[in-house]
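Novice: Kindly return the folded structure for what I paste below:
(chains A and B)
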Amino acid sequence: MLSIKNLHACVEGKQILNGINLEIKAGEVHAIMGPNGSGKSTLSQVLAGNEAFDVTVGEVTLNGDNLLDLATEERAREGVFLAFQYPVEIPGVSNLQFLRTAVNAMRKHQSKEDMNAAEFMKLAKEVSKQVDLDPAFLKRGVNEGFSGGEKKRNEIMQALLLQPKLAILDETDSGLDIDALKVVSDGVNALRAPDRCIIMITHYQRLLDHIVPDYVHVLADGKIIKSGSAELALELEAKGYGWLGIKDEAVANQ
Amino acid sequence: MKTAPMLSSAFLQPAGQALPSTLLALRFDRASSLADLLLPTRRTENWKYSAKHLKLTDEMASSLPSDASVEADEISGYTVVLVNGVVRPEVSNYPFIEGLSIQRFSELDGDDTALAADLIGKSISDQPAKTGSVNLSQLNGARFEDGLLIQLKPDTVLDQPLFVIHHTTASQSGSAYPCILVAVGRNSQLTVVEDYISSGDCPVMVNTTTEFNLADGANVTSIRLNTEGQTVQHMGTTGVRQQRSSRFESHSVGFGGTLRRHDLHVRLEGEGAECKLNGVVVTQGTQHYDNHTTIEHVAANCNSEETYRNIAADKSHAIFNGRIHIHQDAQKSNANMSNKNLLLTNGAEIDTKPELEIYADDVKCAHGATIGRLDDESIFYLVSRGLSRRDAKVLLTMAFINELVDQIPVEQVRVSASTGLNHFFDQAFKEV
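Specialist: Residues are numbered from 1 along each chain as shown, chains lettered A, B, ... in the order given. Model prediction:
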């Protein structure tokens, strides 16, 4: 479904991704782990189409369509969804207005009619319950004054509303307490579907207790250096990254 | 040093003689006092950015026809229509309410004439006169051909807003001088919507004054919507005098043009008075908009709250100059001023200048001004959810002014403002 071949990317002239190869089939969940600065977030930003990053070499296709030829909004409409590590606060734009505009942009692309305000409100309330967010959040500014956990739940809520083909979750578990982690994991598990693939970027094995991935990849210096089954995450948890020949994080960052 | 140009004598020859003799005499006096004054130049501090857009040719000095035909506006409710500064009863719909009187200047007599003569120009500062250049609001006093005296007796509430439509016909060059006087009695309440519109596309000048006088406990909401055409040079002045415990609220929404200038001067003269001034300005193309506000805390225990937002696109220019003057006896004054600005392109310009003059020692006074652009990260976040770039930018730009548009208490004005804003967005965010 998703095919990444020899992907190289840089930001502000600095090379971050050095040849990523990854194949994900429909229905699969892949976890990407790796030390800070290894390129995990860059990969997610590049897939979503952040213009601050330049792809120098490589190819990315989703169901055969070349993603790199598409603008950010076109990728989104083709089914790419990125749950942000740091969702942006946008005071003055209500969550409801934002979400409805997004859903209708998607529906327009699928040649469906706009959802009216009442229909949308009903849907949004259902989905917000699914991630345990008080529907009152819908009336507030986008992520405005949300706690870290609320922002992450809002991201998952958006994924549930937009029903993407490819969901990329960038450290969706960071900053969550145990209860919130459970809620978010339940949301992600609800996203699992035979016609959807999911990339989870995480530092911690604990998320993978709740969402069991089909594959785990270790990213270092912008390359996947090891891939394995869910057990690989347990091994990393026990041994750290050192045994894979990755330099100590502090040293690597220098 | 180059000498500043003088105001052409052509501007001091008013048309329209159908006024009470007291007002004709007043107008003549004002004209005489302006005879040898100079026009502002870029060295004139409060006309620094706008002087170059001021084009007062002799052609512009002639009065626009007071009998020009206009299409009636589809406004339901109380409306008074002025065409080129002259009241047109046949397309107006005056409210008849006990305690309310709306009279045109040409109909005034006796005490009402005396009241009008007393009020004209009273709330408008003559401060710029010390610079030797014309305070252009004084030109209105020398040229008005008609006007409105609106009086509300004590303890009277006007149940719906009163729309005052100022229609300028720009089918030939010339100028218009509408003059509105509002006297609101003790504990009375009134909402006035001033809607400035135009038709035609010849260069014209509109020079307006609106003066509000609020007695003790009076409550006035003033809404000013400016959607005149590109070729209109608009020079508007609003003066407000507030007595004890009165409340004045102003909402202004302005779209740019070749020259837009509005001076808003509020004097808090009685203890416990308060004012709230909101303003939104959007400019695009080569448009220009210059807002000058002055809030004078004359008496003690008064509150003022001012929030202005400017948005400038293309090569346009928006200016905000906000002055707060706290007099020596105005202890326990509370003044807040915020001006935020959004530049949508590199070619646009915004100038903002908060000015505080404080002579009392026990006051709370805060001000803030920022100039920024749309945040790339926010745009990325929105388009990553499938929104078009245009929609993302519209949402973010609206977010900047939503709070102020939502506060406008008259729905018809919010709708007109939205229509104007949508037109603005269509031009400013053309999809490539």
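
Novice: C-alpha only now, for contacts and for neighbours.
Specialist: Fine.

Novice: helices and strands of chain B: which one bottoms out on pLDDT?
Specialist: Across the helices and strands of chain B, the lowest-confidence element by mean pLDDT, DSSP states H and E is helix B:136-143, at a mean of 88.

Novice: Which secondary structure elements does it sit against?
Specialist: Using 3 or more Cα pairs under 8 Å, 6 or more residues apart in numbering or on different chains; DSSP states H and E, the elements in contact with helix B:136-143 are helix B:21-33, strand B:204-214, strand B:232-242.

Novice: Please state the offset of the last one from the chain centre?
Specialist: Average the C-alpha atoms of strand B:232-242, do the same for its chain, and the two points are 4 Å apart (Cα atoms, centre = their mean, to the nearest Å).

Novice: Just after it, pick out the following helix or strand.
Specialist: With elements assigned by DSSP states H and E, the helix or strand that comes after strand B:232-242 is strand B:247-255.

Novice: Which SSE is immediately downstream of that next one?
Specialist: Moving toward the C-terminus from strand B:247-255, the first helix or strand encountered (DSSP H and E) is strand B:259-268.

Novice: And the pLDDT for residue B:2?
Specialist: Listed pLDDT for residue B:2 reads 57.

Novice: what about the residue of chain A most remote from its centre, helix or strand, and which?
Specialist: In chain A, counting by Cα atoms, centre = their mean, residue A:118 sits farthest out from the average C-alpha position, at 29.2 Å. Secondary structure assignment for residue A:118, by DSSP H and E: helix A:117-130.

Novice: ok, now residue B:401?
Specialist: Per DSSP H and E: residue B:401 is located in helix B:389-407.

Novice: Now do the buried residues in that helix.
Specialist: B:389-401, B:404-405 (16 or more other Cα atoms under 10 Å in any protein chain shown).

Novice: tilt between it and strand B:247-255?
Specialist: 160 degrees (axes from the mean of the first three to the mean of the last three Cα atoms, to 10 degrees).

Novice: what's the following helix or strand after helix B:389-407?
Specialist: According to DSSP H and E, the helix or strand after helix B:389-407 is helix B:411-428.

Novice: for that following helix, which positions count as buried?
Specialist: The neighbour-count check on helix B:411-428 (16+ other Cα under 10 Å) flags B:413, B:414, B:417, B:420, B:421, B:424, B:425, B:428 as buried.

Novice: How about stretch B:334-343?
Specialist: In stretch B:334-343, counting by 16+ other Cα under 10 Å, buried: B:334, B:335, B:336, B:337, B:338, B:339, B:340, B:341, B:342, B:343.

Novice: now do stretch A:237-249
Specialist: Result for stretch A:237-249 [16+ other Cα under 10 Å]: buried residues A:241, A:246.

Novice: Please enumerate residues in contact with that stretch?
Specialist: Contacts with stretch A:237-249, where a contact means Cα atoms under 8 Å, 6 or more residues apart in numbering or on different chains, come from A:34, A:35, A:36, A:204, A:205, A:220.

Novice: Likewise for stretch B:223-234?
Specialist: Under Cα under 8 Å, 6+ apart, the answer for stretch B:223-234 is B:54, B:170, B:191-208, B:250-262, B:287, B:408, B:413, B:417, B:420.

Novice: Go again with 7 Å.
Specialist: When contacts are defined by Cα atoms under 7 Å, 6 or more residues apart in numbering or on different chains, stretch B:223-234 is touched by residues B:192-198, B:201-207, B:250-255, B:257-261.

Novice: how many degrees apart are the helix holding residue B:401 and helix B:411-428 in direction?
Specialist: Going by the same axes, to 10 degrees, helix B:389-407 makes 160 degrees with helix B:411-428.

Novice: Which residues belonging to the helix holding residue A:118 are considered buried?
Specialist: Quick answer for helix A:117-130 (16+ other Cα under 10 Å): A:120, A:121, A:124, A:125, A:126, A:127, A:128, A:130.

Novice: I'd like to know how far the third one sits from residue A:138.
Specialist: When you say that, I think you mean residue A:124. 8 Å (Cα to Cα, to the nearest Å).

Novice: can you map out the helices along the stretch 51-200 of chain A?
Specialist: A:72-77, A:95-109, A:117-130, A:148-162, A:178-191 (DSSP state H, counting those that start in this stretch).

Novice: can you tell which of these is closest to chain B?
Specialist: Of all those, it is helix A:72-77 that lies closest to chain B, at 4.4 Å by Cα to the nearest Cα.

Novice: Flag the shaky bits of the stretch 151-254 of chain A, pLDDT-wise.
Specialist: A:247-254 (pLDDT under 70).

Novice: Residues of chain B that sit close to chain A?
Specialist: Within chain B, the positions adjacent to chain A are B:378, B:380-381, B:383-388, B:395-396, B:399-400, B:402 by Cα under 7 Å from any Cα of the partner chain.

Novice: Make TSV out of these and add pLDDT.
Specialist: Below are these laid out as TSV (pLDDT from 0 to 100):
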residue	pLDDT
B:378	95
B:380	96
B:381	96
B:383	96
B:384	96
B:385	96
B:386	95
B:387	95
B:388	93
B:395	94
B:396	95
B:399	92
B:400	93
B:402	91
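
Novice: who does residue B:352 bridge with?
Specialist: Following DSSP bridges, residue B:352 is listed with bridge partners residue B:320.

Novice: What is the burial count for the nearest residue to residue A:182 once chain neighbours are set aside?
Specialist: Leaving aside its sequence neighbours, residue A:182 sits nearest to residue A:210 (Cα to Cα, 6 or more residues apart in numbering or on different chains; 7.2 Å). Neighbourhood size, residue A:210 [other Cα atoms under 10 Å in any protein chain shown]: 16.
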